[in-house]
Structures are given as C-alpha cells and as structure tokens.
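Chemist: any chance you could fold what I've pasted below:
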Amino acid sequence: MDPAGLIATLFVPGFIFFMPNYLTMSRLGWLDSYWALVVPGAAGAFGVFFLRQFFLSIPRELEESALIDGANSWTIFTRIVLPLSKPGLVTLSVLSFLGAWNDFVWPVFVLFSPNKMTLTPGLATLQGACTTDYPVVMAGATVAAVPVLILYVVVQRYVIEGVANSGLKG
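Modeler: Below you'll find the model as predicted:
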C-alpha cells in the first residue's frame, strides 16, 4: 500500500471504523474478549505506519550479510529483524494498551460481561442522574491511572528507544 494512502486513513474519524471492526471481531469470535480491545488499535493505520518506520531504521546491511551467510527470509525475520524490533513492538503494544485502556465507546460495544469491562466505562457508572459522589469517582480515576503508571515504569526504556528509532532512517 502506498504510504500516502495509509497516512490519509489517519485523518478519517475513528467512528467510521466501528462497524467494520465490529464485524471483523464478530467473525473472528473475539467479541467479549480482550483481543477485541487490543487488536484493532495495534493493526490500525498508526500501528502499520509506526512499525514500517521502525523497520526502515534497521540497516539493510544486516539482512544482506545474513543472506550471504545462507539465511532465508524467515530466518532473517525471526533471528535478526524481530529481536531488533523489540523496542518498536513494545512501544506499539504500550500505545495500543493505552488506547484500549482509555477508550470509552469501543469496550461498551464489544464487551458484554461486566467482569471484563474496562475501568473507563465503569467510572461512568459511578455517576448518577441526579447526584455524583465525586470522592468515589476521583478514587476510581486514581485507581485507573495506577496500572498505566506501573506499565510505563516497567517498559520506559523500550518506549523511549522505540519512539526515537521509529523516526530515524538507517
């Protein structure tokens, strides 16, 4: 696909993709599962473009030297490109997780079990029609922020390296 066409899809509002994504998740049998939350964010235009830019930063000489050594395409991908892509994959995973974690509408569409619902729609249920117990809502928002902070502290090194390398061309 032409990179210009891929970038153009970033300008399309996300709600346009709700029905196609919902039908895809339904046909894959992923409704009411966590896969339905994470995969559309990672497989979207941003994820493809981000990884494309990251793969372009990997020196072509590494692949050429592996070909000279007798490696096939699969070996080059699994033993050279994939290990070097760890920062980019971790960064995309974190960004996809954050998008799914903060999303309100998509989880309401694809998750039906209350025990699988994310915290963002759950926080909305704490607000009443006439009154809202703001201390409870603020405590819930604080609890919702803790896993994101822990995740970022754990993978901070990869995120910084992944963002830095995705914009560079080797």
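Chemist: okay, and the residue most central in space within the chain sits in which element?
Modeler: Taking Cα atoms, centre = their mean, the centroid of the chain lies closest to S96, which sits 1.7 Å from it. Using DSSP states H and E, S96 sits within helix 86-102.
Chemist: average model confidence for the next helix or strand after that helix?
Modeler: Elements were assigned by DSSP H and E; along the chain past helix 86-102, the next helix or strand is helix 105-110. Mean pLDDT, computed over helix 105-110, is 91.
Chemist: how about stretch 35-48?
Modeler: For stretch 35-48, the per-residue pLDDT averages 81.
Chemist: so for that stretch, what gets flagged as buried?
Modeler: 36-42, 44-48 (16 or more other Cβ atoms under 10 Å). Quick note: C-beta positions are derived from backbone N, CA and C, even for glycine.
Chemist: so where's this structure shaky on pLDDT?
Modeler: Counting by pLDDT under 70, the chain shows low-confidence ranges at 1-2, 165-170.
Chemist: can you show me the strands along the chain?
Modeler: Counting by DSSP state E, the chain forms no strands at all.
Chemist: pull up the distance across stretch 31-38, start to finish.
Modeler: Taking Cα to Cα, to the nearest Å, stretch 31-38 runs 12 Å from one end to the other.
Chemist: ditto for stretch 112-127
Modeler: The first-to-last residue distance of stretch 112-127 comes to 20 Å (Cα to Cα).
Chemist: how far off centre is that stretch?
Modeler: In this view, stretch 112-127 has its centroid 20 Å away from the chain centroid, taken as Cα atoms, centre = their mean, to the nearest Å.
Chemist: what of stretch 6-19?
Modeler: On Cα atoms, centre = their mean, the centre of stretch 6-19 falls 15 Å from the chain's centre.
Chemist: can you give me the buried ones in that stretch?
Modeler: Quick answer for stretch 6-19 (16+ other Cβ under 10 Å): F17.
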